[in-house]
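Trainee: What follows is a predicted structure for the sequence shown.
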Amino acid sequence: MSAPPSATGRARISVRTLRTDRWWLPPLITFLALLAFVVYGVIRTFMNQWYWVPEYHYLAPFYSPCLSAACVPGASHWGQPAPDLGPFVPPPIFVLPFVLGFRLTCYYYRKAYYRSFWASPPACAVGEPHRRYTGETRFPLIMQNVHRYFFYAALIVAAVLTYDTVIAFRGADGGFGIGLGSLVMVVNVALLWSYTLSCHSCRHLIGGRINHFSKHPVRYWFWTKVTWLNGKHMLLAWASLVSVALVDLYVMLIASGAFPDPRLFN
């Protein structure tokens, strides 16, 4: 039932699929989940409101850091180096390319959207619908190789979101306080750091180009921890994606006055 490999090295089969299970279900679920996030992200980006809660210093992650002169007062913790370019260039436009670049070039997400959006391949032991296969050797997919540089940008963004989380422990009187928003932001930043540090580029950065781990015990210790995280990279990719959307939605609802932030202290 199988055919010889193609000239490009992609395995071929002479039938549509060798599978007897519902192989199409995982890529379908992935497609719908990623599409939902993209739709929410686009709407939220161009909504350009309800991202800052001055009473508790909650800043929505989609708008952090807020570097545009169009940002509402108090939301720009790192200045406003970018000009106000109107409604078609809202504040997230200046940061989201780096965040999305890290996710889009991520090894796991590449597998996820190659299968679910491009069906290349749709699943194991399923016929290849495309006539040609060039892998990541041509533009634009050759740009996937810049993933390691997006990793450095992701570290900066994670650090900024950590700062946002720290200052979110603010009470109504300006002192220390804890609200439900503070806690969900802690969960979100923990998941973001876990996902970022579980990246294959991080694992290589820590343990790569070492011939003898015994001569580098500290780096080896860190490498073992990152390797453990790396084994959960897919889970962390989804968990952090969901958490950043939910926290952004939560801050939006609080800022819009949909309901008050439940307070645990002050």
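Mentor: Arrived safely, thanks for sending.

Trainee: so where's this protein uncertain?
Mentor: Low-confidence segments of the chain, defined by pLDDT under 70: 1-13.

Trainee: what about the strands in the protein?
Mentor: Under the criterion DSSP state E, strands of the chain are mapped to 2-3, 12-13, 52-53, 58-59, 178-179, 263-265.

Trainee: The longest one packs against which elements?
Mentor: Going back to what we said before, that points to strand 263-265. Other helices and strands packing on strand 263-265, by 3 or more Cβ pairs under 8 Å, 6 or more residues apart in numbering; DSSP states H and E, are strand 178-179, helix 180-197. From N, CA and C alone the C-beta is placed, and that goes for glycine too.

Trainee: List the strands paired with that strand, with their directions.
Mentor: Partner strands and pairing direction for strand 263-265 (DSSP bridges) are strand 178-179 (antiparallel).

Trainee: which residues of the protein fall in helices?
Mentor: Remark: helices of the chain, listed N- to C-terminal, are 25-47, 96-104, 107-116, 147-167, 180-197, 200-207, 217-230, 233-256; assignment by DSSP state H.

Trainee: Out of the ones you listed, flag the one nearest Arg263.
Mentor: Ranking the helices of the chain by distance to Arg263, with Cβ to Cβ as the measure, places helix 180-197 first at 7.8 Å.

Trainee: could the helices and strands packed on strand 263-265 be laid out in CSV, adding mean neighbour count and distance to Leu18?
Mentor: Conversion of the helices and strands packed on strand 263-265 to CSV gives the following (neighbours: other Cβ atoms under 10 Å; distance: least, Cβ to Cβ, whole Å):
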stretch, mean neighbour count, distance to Leu18
strand 178-179, 21, 54
helix 180-197, 20, 34
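
Trainee: follow-up on the earlier one: now distance to Asp84 too, for the helices of the chain, in a markdown table please.
Mentor: Compiled in a markdown table, the helices of the chain are given as follows (distance: least, Cβ to Cβ, whole Å):
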| stretch | distance to Asp84 |
| --- | --- |
| helix 25-47 | 15 |
| helix 96-104 | 17 |
| helix 107-116 | 32 |
| helix 147-167 | 21 |
| helix 180-197 | 27 |
| helix 200-207 | 35 |
| helix 217-230 | 40 |
| helix 233-256 | 20 |
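
Trainee: so which of these comes closest to Leu67?
Mentor: Evaluated with Cβ to Cβ, those place helix 147-167 nearest to Leu67, the distance being 10.1 Å.

Trainee: same for that closest one, what does it pack against?
Mentor: Here helix 147-167 touches helix 96-104, helix 180-197, helix 200-207, going by 3+ Cβ pairs under 8 Å, 6+ apart.

Trainee: Can you tell me which of the helices of the chain is nearest to Pro262?
Mentor: Minimum separation from Pro262 across the helices of the chain (Cβ to Cβ) falls at helix 180-197, 4.4 Å.
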